[in-house]
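>>> all I have is the shape, not the residue letters:
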């Protein structure tokens, strides 16, 4: 019989190491990892055995699981194909105000701060030492990179990637499936499906 804190992990790349370490710190007990890379068959990740491929899995709403894949589009596709009990991996050294609304399948790494009245969409990643200020609306499948920071009332659409060390000033809006480069400073709104780089951030083709 499966224990309440046992779960499986989907994905066995470098990002999965961070997710597994965070899950363990959060009190979960990963029992198996699944990945479609045939070269990984029979190996283990942080002592957790790889037991098969993701493509071999079927939906099981009772199966506790976590998608540990950094690519936003792949996380979305996988969550839509498989129906499982997606849990949040929140490091005990993260600080999240009680008024924050969290979806499911979210990773919040060590030393993150999420301030009051913010919303974090399902299967998003708030990576190491990132901070989300008050009243943010972060869509599903977003990745906020390590050390990135948002001011208050920032809105970020579904699937957008915010690179390491980027900063988004108060009140700005970023559309869906855009990419903000590492170290960028967003001082204007950014639309959807765009790439913005530099200080200040400018749209690049």
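Everything's here; your move. Owing to the predicted nature of the structure, the values given are computational and were not obtained by experimental measurement.
>>> could you list every residue that touches residue 198?
By CB atoms under 8 Å, 6 or more residues apart in numbering, the residues touching residue 198 are 181, 184-185. C-betas here are computed from N, CA, C, even on glycine.
>>> give me the buried subset of those residues.
Buried by 16 or more other CB atoms under 10 Å: 181, 184, out of these.
>>> which of the contacts of residue 198 fall within strands?
residue 185 (DSSP state E).
>>> in JSON lines, list the contacts of residue 198 along with distance to residue 121.
As requested, the contacts of residue 198 are exported to JSON lines (distance: CB to CB, whole Å):
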{"residue": "181", "distance to residue 121": "22"}
{"residue": "184", "distance to residue 121": "21"}
{"residue": "185", "distance to residue 121": "24"}
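>>> quick check: bridge partners of the most centrally placed residue in the chain?
In the chain, the centroid-proximal residue (CA atoms, centre = their mean) is residue 125; its distance is 1.8 Å. Beta-bridge partners of residue 125, counted by DSSP bridges, are residue 107, residue 143.
>>> pretty sure it contacts residue 70?
Yes. Counting by CB atoms under 8 Å, residue 125 touches residue 70, with 7.1 Å between them.
>>> how many neighbours does residue 193 have?
By other CB atoms under 10 Å, 12 other residues sit near residue 193.
>>> for residue 93, give its distance to residue 67.
Here residue 93 is placed at a distance of 22 Å from residue 67 (CB to CB, to the nearest Å).
>>> same question, residue 92
Distance from residue 92 to residue 67, by CB to CB: 21 Å.
>>> of those two, give the one with the bigger neighbour count.
residue 67 (24 against 10).
>>> which ones are touching that one?
So residue 67 contacts 10-11, 75, 78-79, 86, 105, 123 (CB under 8 Å, 6+ apart).
>>> related to what we said a few turns ago, now, which of the contacts of residue 198 sits nearest residue 197?
Checking the contacts of residue 198 against residue 197 by CB to CB gives residue 181 as the nearest, at 3.7 Å.
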